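Novice: Prediction below, plus the sequence it came from.
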Amino acid sequence: MLCRYLKKQTALPAFLCLLTVMFLAGCSQESLIFFPEVLPKEYRFAFPTPFQEVRLSADGIELHALHFRTPSPRGVVLYFHGNAGSLRTWGEIAPAFTRRGFDLLLPDYRGFGKSQGRLDGEGALLADALRMYDHLRKEYPEQAIVLYGRSIGAGPATWVASQRKPRKLILESPYTSLVNLGAYHYPFLPRLLIRTFLRYPLPTDQWIRSVSCPVYLFHGTADDIIPFRMGERLNALSTGKHRLIAVPGGGHNDLESSSLYQRELDQILKEE
């Protein structure tokens, strides 16, 4: 409707109409990318695995995370979750790591769950991810830290791995960049416009080249949100030890139900 109105009233060329649409989308892109569940400060979590609530200060706000613990841990996993929900449900993944002998730090992004503030660009997302990692370094040796990024979390996890020296990096359903992902889902939009207005480019394909630790990638071959070829591309760009685990017929949200995924995650976390 907007494009037809503008073209009728001012005879704007088609590319200017597209530019207008992209600008408007750029102004509200957080609501197009992130789907947070907000929790009241007094909300009480209930999980069978022992945990502590963690609060970190950042730019005058408070970030929130859950720290799940297991006796005599073999290490700790820092897990960056997907683009929706909150720790109310993401906390259910904890047993997948604690039963394998690993502690787990699971943060919520700004505006998710009990984390305060709001996301307003890639910079804050990455800075917060690094804060969580450096918080763990106060308790664990760096070679005990495993980074795990799922879906949207693959970008922050890879960036942190490029800045620090964790034990290993695990990516589940990762993307090469949100620019490429936007072009995949909206092929009618010029890539240059997407790149110009997107405040979350998250170029995982650039950052992964600087990751020195082992990299493991899980990707479903039938993923209709983030195409399998993006996982293949990231695997090809990895410069150190790396391996892509293709889950035949796997989608975007069901890899944990695969016996292949479970066997491979066992093996990956056992490797020194």
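Specialist: Yes, it's here. Residues are numbered from 1 along each chain as shown.
Novice: in this structure, which ranges drop under the pLDDT threshold?
Specialist: Where the chain drops to pLDDT under 70, the residues are 1-27.
Novice: same thing but 90
Specialist: Along the chain, segments meeting pLDDT under 90 span 1-32, 59, 120, 185-198, 271-272.
Novice: Report the buried residues of the longest helix anywhere in it.
Specialist: Taking DSSP state H as the criterion, the chain has its longest helix at helix 122-137. Buried positions in helix 122-137, judged by neighbour count with 16 or more other Cβ atoms under 10 Å: 122, 124-126, 128-129, 131-133, 135-136. For every residue, glycine as well, the C-beta is placed using N, CA and C.
Novice: which residues touch it?
Specialist: Outside helix 122-137, the residues within contact range by Cβ atoms under 8 Å, 6 or more residues apart in numbering are 54, 56, 58-59, 63, 65, 76, 78, 80, 105, 107, 109-110, 117, 119, 145, 147, 155-157, 159-160, 163-164, 166, 199-202.
Novice: Now go through these and say which are in helices.
Specialist: Using DSSP H, those in helices are 155-157, 159-160, 163.
Novice: Looking at those, which is nearest I170?
Specialist: Closest approach to I170 among the ones in helices among the contacts of helix 122-137 (Cβ to Cβ): A157, at 8.0 Å.
Novice: Might one say that that closest one is in contact with F80?
Specialist: Yes. Between A157 and F80 a contact is recorded at 4.9 Å, counting by Cβ atoms under 8 Å.
Novice: Now do the phi/psi pair for the residue lying closest to I152 once chain neighbours are set aside.
Specialist: Nearest non-adjacent residue to I152, counting by Cβ to Cβ, 6 or more residues apart in numbering: N83, 4.0 Å away. Dihedral pair for N83: phi -90, psi 10, per degrees, to the nearest 10.
Novice: now do H185
Specialist: Torsion angles at H185 (phi, psi; degrees, to the nearest 10) stand at phi -80, psi -20.
Novice: go on, V247?
Specialist: With angles defined as degrees, to the nearest 10, V247 sits at phi -100, psi 110.
Novice: and it, how many residues sit next to it?
Specialist: 24 (other Cβ atoms under 10 Å).
Novice: ok, now which ones touch it?
Specialist: Going by Cβ under 8 Å, 6+ apart, V247 touches 218-221, 255, 258, 260-261.
Novice: Buried ones from the contacts of helix 122-137, can you make that a PyMOL selection?
Specialist: Buried members of the contacts of helix 122-137, defined by 16+ other Cβ under 10 Å, are picked up in PyMOL with:
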select buried, resi 54+56+58+63+65+76+78+80+105+107+109+110+117+119+145+147+155+156+157+159+160+163+164+166+199+200+201+202
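Novice: Which of the contacts of helix 122-137 fall in strands?
Specialist: Of those, the ones assigned to strands by DSSP state E are 54, 56, 58, 63, 65, 76, 78, 80, 105, 107, 145, 147.
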